[in-house]
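A.B. asks: How does the following fold in three dimensions:
(chains A and B)
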Amino acid sequence: MLKTLSTLEFGETGRVTEIRASRHELNCMGLRTGKKLKMITRQPIKGPVVVLIDEVEIAMGLDLAAQVTVNIE
Amino acid sequence: MKEQPDNTITVLMMGNPNVGKSALFNRLTGANAVVSNYPGTTVDYTAGKLIEGHTTYEIIDAPGTYSLEPHDAAEKVAVLLLDERRGDVVMIVLDATKIERGLYLAFEIMEREYPCIIALNMTDVAHDKQIKVNAAGIQRLLGIPVVETTAISGEGVKKLAGAIRKAQVADMDAIRKRLEGSGEDRDETVPCPGCGGCRGCG
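C.D. replies: I've put the predicted structure just below:
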């Protein structure tokens, strides 16, 4: 099932299938297509999204997260 | 490697935020740069001297950056230092527990054809977390010296200082070939179970 990263539930895991935002910005943080990630937290009031990739936590704005598509396994 | 008239070689330390560049810098130069356990501590650069053998190195500790497209003022300082070729040699510092993220920046720097060496820092933390990194494999793959270090205890720092003069410009085509497995040094790779993608496992 495909979902945008901004709508992932807490603790949900999936694999990145598409990044529509500036790829460079997320790639340099370790988030790239094909990577497995886990949702750590999604802060309220359009707050940041934090995901776990390879033991590394990555935080990003909600708008950026909305442009990342994840396949839930 | 261009040398200044007074025989000083400038070494620019680059790496992601919070990988231990300043801690390593302090170990190398005996300086006292501020070190903390969160990213973004170094916002301007610090310079120090290291004498190894008969060579004097000027080591520059740059702020951490995730890529060469700066997102904030501190990253801009780091990128500017690199752009101005303030370093004859670039020492890329990687966190052994977050190799992949660090390699993104490493490749950006290597593509610019600077003579590079890699300091694989925080090997103690990697060991504690049972993360195995095949330093020899990375060195073989990239064709530039890779030295494992633990800045906090000083392990590997002497070896790192000695390796600066062996800095190499990475041959990106050769790296690509080795990655695709068509390079002739493919046979040299030794089996290494569980190293996490160095392609040395066969």
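A.B. asks: What's the mean pLDDT across stretch B:20-27?
C.D. replies: Confidence for stretch B:20-27, expressed as mean pLDDT, is 94.
A.B. asks: brain fart, stretch B:115-135
C.D. replies: For stretch B:115-135, mean pLDDT rounds to 94.
A.B. asks: Centre of the chain to the strand or helix carrying residue B:140, how far?
C.D. replies: Assigned by DSSP states H and E, residue B:140 falls within helix B:135-142. For helix B:135-142, the separation from the chain centroid amounts to 13 Å (computed by Cα atoms, centre = their mean, to the nearest Å).
A.B. asks: For residue 50, which non-adjacent residue is closest in space?
C.D. replies: The chain I'm using is chain A. Of all residues not flanking residue A:50 in the chain, residue A:40 sits nearest, at 4.3 Å (Cβ to Cβ, 6 or more residues apart in numbering or on different chains). C-betas here are computed from N, CA, C, even on glycine.
A.B. asks: Oops, wrong one, chain B.
C.D. replies: Among residues not flanking residue B:50 along the chain, residue B:57 sits closest, at 4.5 Å (Cβ to Cβ, 6+ apart).
A.B. asks: ok, residues contacting the lowest-mean-pLDDT helix or strand in chain A?
C.D. replies: Ranking every helix and strand in chain A by mean pLDDT, DSSP states H and E puts helix A:23-27 at the bottom, with a mean of 82. Here helix A:23-27 makes contact (Cβ atoms under 8 Å, 6 or more residues apart in numbering or on different chains) with A:19, A:32, A:60, A:64, A:68, B:67, B:69, B:71, B:104.
A.B. asks: and the fourth one, how many neighbours does it have?
C.D. replies: To tie it back to what came earlier, the one meant is residue A:64. By other Cβ atoms under 10 Å in any protein chain shown, 20 other residues sit near residue A:64.
A.B. asks: ok, now which ones touch it?
C.D. replies: Shown in contact with residue A:64 (Cβ under 8 Å, 6+ apart): A:21, A:25, A:26.
A.B. asks: Distance-wise, check it relative to residue A:4.
C.D. replies: Distance, residue A:64 to residue A:4, using Cβ to Cβ, to the nearest Å: 11 Å.
A.B. asks: bridging residues for residue B:95?
C.D. replies: When assigned by DSSP bridges, residue B:95 has beta-bridge partners residue B:121.
A.B. asks: I figured it hits residue B:17, correct?
C.D. replies: No - here residue B:95 does not reach residue B:17: they are 9.8 Å apart, not a contact under Cβ atoms under 8 Å.
A.B. asks: Neighbour count for those two, which is higher?
C.D. replies: Legend: neighbour count by other Cβ under 10 Å for residue B:95 and residue B:17, higher for residue B:95 (22 against 18).
A.B. asks: got a list of what that one touches?
C.D. replies: Neighbours of residue B:95 in contact, by Cβ under 8 Å, 6+ apart: B:15, B:16, B:18, B:19, B:20, B:101, B:102, B:121, B:122, B:125.
A.B. asks: If we use 6 Å, what do you get?
C.D. replies: Applying Cβ atoms under 6 Å, 6 or more residues apart in numbering or on different chains to residue B:95 gives the contacts B:19, B:102, B:122.
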